[in-house]
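**Q** The following block contains a protein sequence and its predicted model.
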Amino acid sequence: MAYPVTSPAEPKSSAGLPSGGLGRYLWSAFVAQREVTPIIITVALFIFFSVDSSNFLTSLSLNAAAGFAAPVGAIAVGEVLVLVLGEIDLSAGQVFLTTPWVMYWLWQLGLPVGWAILASLFVAAGVGMINGMITVLLNVPSFVATLATNFILFGIVLIESNDTEATPIPGSLPPQTSSVVPHVGFFGQVIGVWLWSEILWVVAIALVIHYVLKRTRFGVRVIATGGNLLGAAEAGVPVRRVKIWCFVLCSFLSGAVGIVDAVKYGSMDPGNAGVNYILYAVGACVIGGTALTGGRGTVIGAFIGAILIGVLEAGLTIIGVSTNDFYVYIGLIMVVAMTLNGWLDRLAAHTRTS
């Protein structure tokens, strides 16, 4: 009697993994992570600058890196939510700079500092809602809508400030005199006066938004909307509401850390334009592995991308490289990061199919 011949089943490990074992599984999981690229480049830069100059590891240098990375990271974290949708918010950098101005003006009008902060954050969220509604309800491309908002906010600051620097910022460290040692209370220290407070605020924000994007229904809806707008709508996802809320969150987070940044430095320059901040933030998102076409993004990757930019800026300063060269290096790193991301994507696909 002939028995049917069956092909042998693929051998499995005791853990249910395909042949190749745990090592192959871990390698496949590693190369699939979008955060791998910025981590590799950041570690490489950190080692290079540490070896090249012993001054890089000093508290002053590391704080300079954190001070540059914190505002970029805060804006980038919010920007990821919008970029995952296939949209962009070019006004987030100016919201970062305008929100503390609103707080300052309200405080000068006699509003207590706590209420001034809350009111300015409400204004920041309102800017995001306007951006979202123009994009969603009027079908204006987000690039155009938020670029217009950027110019409007910048103009408002220049007009209302009379092109005059604002100082001191409520809650910031008062100026030192020959007879009085400056002191600020616990509230001011937490808000931004302490050297590391701003970067810690950004770390906390990044962790919360990462959880929201990866572990909540809202996050699932954001990714679904960015990946397939029509399919998400047909599945019952309120795509318009999701988009508006992402714009709101982007502006709110930028404004919140903008207040922290203003308190940290104690003054604001009305001529400081937000365009530079948003370019750095989008660069951090790209370096971190967020796709500009939507449907895929990583908050942690964007934050690490911001740290990378901060490390690069501080490291080049320490070793005596001209600040003009900084922009060249940023561009080169973006190209390298995109190339490495593409290579890792192909490697991960090959690992899954082989």
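**A** Structure's in. What do you need?

**Q** dump the residue contacts of the residue minimising distance to the centre of the chain.
**A** Note on the chain: the residue nearest the mean C-alpha position is Ala76, at 1.9 Å, using CA atoms, centre = their mean. Neighbouring residues of Ala76 by CB atoms under 8 Å, 6 or more residues apart in numbering: Tyr280, Ala281, Val282, Ala284, Cys285, Gly288, Ala302, Phe303, Gly305, Ala306. Every C-beta, even on glycine, is put in place using the N, C-alpha and C of the backbone.

**Q** From the residues you listed, which land in helices?
**A** Judged by DSSP state H, the subset of those located in helices is Tyr280, Ala281, Val282, Ala284, Cys285, Gly288, Ala302, Phe303, Gly305, Ala306.

**Q** separation between the fifth one and Asn276?
**A** Meaning Cys285. 15 Å (CB to CB, to the nearest Å).

**Q** same thing with Thr225?
**A** 29 Å.

**Q** What of Ser50?
**A** Counting by CB to CB - Ser50 and Asn276 are separated by 27 Å.

**Q** hang on, the earlier thing: which one's more surrounded, Cys285 and Asn276?
**A** Cys285 (30 against 11; other CB atoms under 10 Å).

**Q** Give the buried residues for stretch 263-270.
**A** Neighbour counts over stretch 263-270 (16 or more other CB atoms under 10 Å) mark Val263, Lys264, Tyr265, Gly266, Met268, Pro270 as buried.

**Q** May I have it as PDB, with CA atoms only?
**A** Taking C-alpha atoms only, stretch 263-270 is exported to PDB below (Å, rounded to 0.1, in the frame of the first residue of the first chain):
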ATOM      1  CA  VAL A 263      11.600  80.900  31.200                       C
ATOM      2  CA  LYS A 264      15.000  79.100  30.900                       C
ATOM      3  CA  TYR A 265      16.600  82.000  29.000                       C
ATOM      4  CA  GLY A 266      14.700  84.800  30.600                       C
ATOM      5  CA  SER A 267      14.200  86.900  27.500                       C
ATOM      6  CA  MET A 268      12.600  86.700  24.000                       C
ATOM      7  CA  ASP A 269      13.700  88.300  20.700                       C
ATOM      8  CA  PRO A 270      10.800  89.200  18.400                       C
END
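
**Q** Quick one: low-confidence residue ranges for the stretch 201-350 of the chain.
**A** 345, 348-350 (pLDDT under 70).

**Q** And the helices in the chain, which stretches?
**A** Using DSSP H, helices in the chain cover 21-31, 36-52, 59-84, 92-108, 113-137, 142-160, 186-188, 197-215, 217-227, 229-234, 239-265, 275-288, 299-318, 324-353.

**Q** okay, those in TSV with distance to Pro168 next?
**A** Listed next are the helices of the chain as TSV, based on distance: least, CB to CB, whole Å:
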stretch	distance to Pro168
helix 21-31	49
helix 36-52	34
helix 59-84	19
helix 92-108	10
helix 113-137	12
helix 142-160	18
helix 186-188	11
helix 197-215	17
helix 217-227	39
helix 229-234	47
helix 239-265	10
helix 275-288	23
helix 299-318	26
helix 324-353	30
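
**Q** Closest one to Leu147 out of the contacts of Ala76, please.
**A** Nearest to Leu147 among those is Val282, at 12.8 Å by CB to CB.

**Q** what's the nearest residue to the closest one if we skip its chain neighbours?
**A** Glu79 (6.4 Å; CB to CB, 6 or more residues apart in numbering).

**Q** related to what we said a few turns ago, among the contacts of Ala76, which two are most distant?
**A** Val282 and Phe303, at 13.9 Å, using CB to CB across the contacts of Ala76.
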